[in-house]
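Undergrad: Here is a sequence together with a model predicted from it:
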Amino acid sequence: MAMTLTPMEQFEVKPLMEHPLFHIAGHPIYFTNQSLLMVIVVIVASLFLSLAVKPGRLVPTRGQSMAETSYEFVANMIHSATGEDGLKFFPFVFSLFIFVLFSNFFGMVPGSFTVTSQIAVTFSLACLVILLVVVVGFMKHGIGFLKLFVPHAPWYLLILLVPIEVISFFTRPISLSVRLFANMLAGHTMLAVFAGFVVALGSAGGIFTGLAIAPMLLIVAIMLLELLVAFLQAYVFAILTCIYLNEALHLHDHH
Amino acid sequence: MTSQEPDRLRELEQRLEEVQRRQAARAKGPPPNQLGIAGRFATELVAALIVGGGLGWGVDWLFGWFGFHTRPVFLIVFFVLGAGAGIRNVMHAATELNARMASKDLEK
């Protein structure tokens, strides 16, 4: 029997209904497996966080403790990266962090779908962040926000440096989104490839069947690594948001 | 008994400070691993090249729309600028990582 390994199949976006929900400028909009997972993530995260803090005990229950720890974790992160005045962006950064974290963790459930492995999703999130940074920067400093693109250098170098700074600013949404997307994509592809080895070796018969245990053990290890990556990438996404916000709030004076 | 109270309070204060210091260190996040660093540098560099090239292509397109045939002048110029921006990005990332690792070493 010819085995076909399709490690990329898990990233396919498939419509769950036959008919599109509605049309935007002639394009049919479907409710896909990705939409479903995003809805699940948002509902579960909201329900968990609001129900967990419901008891409001002085000595917290396990759920309450988890919710409070994540609150403190993000609050500390914002405080250390942007200072006191960055805390008014707490709701934004916290929602972003929780959405990415829950998406990553839900992606780890076998058979589900990883929302953050789609560049469309991560790039939208990154664009949202950069848009916020630009809006906040202009609101706080007015036209002086453009000083962000002018480093300390003699004028003849500025001709070269200002375009470089501008380009470098526009790379942010790309590097922010690609980092999250590539990590999730690579990790899940790796899991699927090794899972394919297990099936292939297991069905090969003879001595090879016993050998199937090796990739199996490896999958367990990669799974643990992926759980770490899932958290780490959510953290990186949130901390970079904080760093960019810090630049918009304080321009150059923190360097 | 009463003379012991300030000592115990001071001890408690010291312990609290230590806990706070440890938590502040943890808030800075887990240390990046080698693969993470490599991936970070690669994306910074490639993203800058893509944006630089894209901007140049856009400028060329804009000029072409107005009737000036500048293609591929701006594409080339902005691609080179993009390479510069990529190197700048990597240098910034490296200084940032160095600072984070130095603070990590201090804690030990």
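TA: Thanks, I have the structure now.
Undergrad: give the contact list for the residue most central in space within chain A.
TA: Centroid-nearest residue in chain A, with Cα atoms, centre = their mean: residue A:100, separated by 4.2 Å. Taking Cβ atoms under 8 Å, 6 or more residues apart in numbering or on different chains as the criterion, residue A:100 is in contact with A:116, A:125, A:180, A:233-234, A:237-238. For the C-beta atoms, the positions are set from N, CA and C on the backbone; glycine is no exception.
Undergrad: what's downstream of the helix or strand hosting it, the next helix or strand?
TA: In this structure, residue A:100 sits in helix A:90-107 according to DSSP states H and E. Sequence order places helix A:119-141 as the next helix or strand after helix A:90-107, per DSSP H and E.
Undergrad: Now do that following helix against helix A:90-107, angle only.
TA: Angle of helix A:119-141 versus helix A:90-107, following axes from the mean of the first three to the mean of the last three Cα atoms, to 10 degrees, is 170 degrees.
Undergrad: for the record, mean pLDDT for the strand or helix carrying residue B:9?
TA: Taking DSSP H and E as the criterion, residue B:9 maps to helix B:4-27. Helix B:4-27 carries an average pLDDT of 74.
Undergrad: List the buried residues in stretch A:187-196.
TA: Along stretch A:187-196, these residues count as buried under the neighbour rule (16 or more other Cβ atoms under 10 Å in any protein chain shown): A:187-188, A:190-192, A:194-196.
Undergrad: tally of neighbours for residue A:218?
TA: For residue A:218, the count of nearby residues is 15 (other Cβ atoms under 10 Å in any protein chain shown).
Undergrad: got a list of what it touches?
TA: residue A:194.
Undergrad: so what pLDDT did it get?
TA: For residue A:218, the model assigns a pLDDT of 93.
Undergrad: Name the helix or strand for it, please.
TA: Going by DSSP H and E, residue A:218 is in helix A:213-250.
Undergrad: ok and that helix relative to helix A:119-141, angle-wise?
TA: Put simply, helix A:213-250 runs at 20 degrees to helix A:119-141, going by the same axes, to 10 degrees.
Undergrad: gap between the helix holding residue A:100 and the chain center?
TA: Centre-to-centre, helix A:90-107 and its host chain are 7 Å apart (Cα atoms, centre = their mean, to the nearest Å).
Undergrad: mean confidence score for that helix?
TA: Per-residue pLDDT over helix A:90-107 has a mean of 95.
Undergrad: List the buried residues for that helix?
TA: Buried residues in helix A:90-107, counted by 16+ other Cβ under 10 Å: A:92-94, A:96-107.
Undergrad: and which of those residues is nearest chain B?
TA: Chain B has its nearest neighbour among those in residue A:97, at 12.1 Å by Cβ to the nearest Cβ.
Undergrad: how far away is the closest one from residue A:193?
TA: Look at residue A:97 and residue A:193: by Cβ to Cβ, to the nearest Å, they are 30 Å apart.
Undergrad: Which ones among the buried residues of stretch A:187-196 lie within strands?
TA: Applying DSSP state E to the buried residues of stretch A:187-196, no entry is found in strands.
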